[in-house]
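Enquirer: coords below, sequence missing:
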């Protein structure tokens, strides 16, 4: 291993130690002040850690926060908190009901980042790993998150996304119309995005680093497609049931399937 590689590894560890010390989202400036690293070097390091799913970056607050990928390195990220407990219970209930993969995700700039997942036991299933990332345009969960944005934000993300994903979503006018339709619902269902998969997604009354969290139930399209209405209703019911147990607001069904 080269000297530069060792230095980079040491800096990753040092950044995680700073988070463990403060146990809160931190700004780039705070990390520079704490580590003493040159700003240009730290910016590059933070971008690399974010792109690899180790950190989540909230572009609105400009704060970084470790993901569950590094929870074993930072024992202060408490999976047994009141909020984490009801979400874990919700995911298990949906996994048992559907038999499919259940995942949580947040927006990470133009990317969707999975922060937790329970995979299906089916041989043919939707594979999701904690910390895995994909373009927002490439998933039901990403479309739902984007539908809650204003048209200017949607256009910015659309134009910054890879060409192949823009083509799959349709031209910008078509995509904006899709966003308007989804905005009027409390769910999003996409078939064959990604190919051969179907996912039903809903927002949760919770946040991660002040970013909205979306939950999705996904699997092989031939199993999901006949159950879309059933899954929409069950996700909605289970989210409301578990949210109430945590004294959080219930979802309000918008226009669309009931």
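Expert: That came in fine, so what should we check first? Please read all numbers here as calculations on a predicted model, not as lab measurements.
Enquirer: for the nearest residue to residue 162 once chain neighbours are set aside, give its distance to residue 110.
Expert: Residue nearest to residue 162 in three dimensions, not counting chain neighbours: residue 135, with 6.1 Å by CB to CB, 6 or more residues apart in numbering. For glycine as for every other residue, the C-beta is placed from the backbone atoms N, C-alpha and C. Using CB to CB, to the nearest Å, residue 135 is found at 6 Å from residue 110.
Enquirer: overlap of the contact sets of those two?
Expert: residue 161 (CB atoms under 8 Å, 6 or more residues apart in numbering).
Enquirer: mind listing what the residue nearest to residue 162 touches?
Expert: Residue 135 sits next to 110-112, 142, 161-162, 165 when contact means CB under 8 Å, 6+ apart.
Enquirer: give me the buried entries from the residues you listed.
Expert: Among those, those scoring as buried are 110-112, 142, 161, 165 (criterion: 16 or more other CB atoms under 10 Å).
Enquirer: correct me, but residue 160 touches residue 136?
Expert: No - contact criterion CB atoms under 8 Å: residue 160 and residue 136 do not qualify, at 9.8 Å.
Enquirer: of those two, who's got more company?
Expert: Higher neighbour count among residue 160 and residue 136: residue 136, with 28 against 13, using other CB atoms under 10 Å.
Enquirer: not counting sequence-adjacent ones, nearest residue to that one?
Expert: Nearest one to residue 136, counting by CB to CB, 6+ apart, is residue 142 at 3.4 Å.
Enquirer: quick one: that neighbour and residue 148, what's the gap?
Expert: 11 Å.
Enquirer: for the residue nearest the centre of the chain, helix, strand, or coil?
Expert: By CA atoms, centre = their mean, the chain has its centre lying nearest to residue 105, at 1.8 Å. Judged by DSSP: H, G, I helix; E, B strand; the rest coil, the three-state class of residue 105 is strand.
Enquirer: check residue 249 too.
Expert: Here residue 249 takes the coil state, with states given by three-state DSSP.
Enquirer: out of the buried ones among the contacts of residue 135, which are inside strands?
Expert: 111-112 (DSSP state E).
Enquirer: how about the buried ones among the contacts of residue 135 in CSV, adding pLDDT?
Expert: Shown next, in CSV, are the buried ones among the contacts of residue 135 (pLDDT from 0 to 100):
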residue, pLDDT
110, 85
111, 89
112, 92
142, 95
161, 90
165, 87
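Enquirer: next, the buried residues of the helix or strand containing residue 159.
Expert: Element membership for residue 159 (DSSP states H and E) is helix 151-160. Using 16+ other CB under 10 Å as the burial criterion, the residues of helix 151-160 that qualify are 154, 157-158.
Enquirer: tell me what it is packed against?
Expert: In terms of contacts (3 or more CB pairs under 8 Å, 6 or more residues apart in numbering; DSSP states H and E), helix 151-160 is packed against helix 140-147, helix 163-169, helix 172-183.
Enquirer: got TSV for these, with distance to residue 30 too?
Expert: Formatted as TSV, the helices and strands packed on helix 151-160 follow (distance: least, CB to CB, whole Å):
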stretch	distance to residue 30
helix 140-147	27
helix 163-169	34
helix 172-183	35
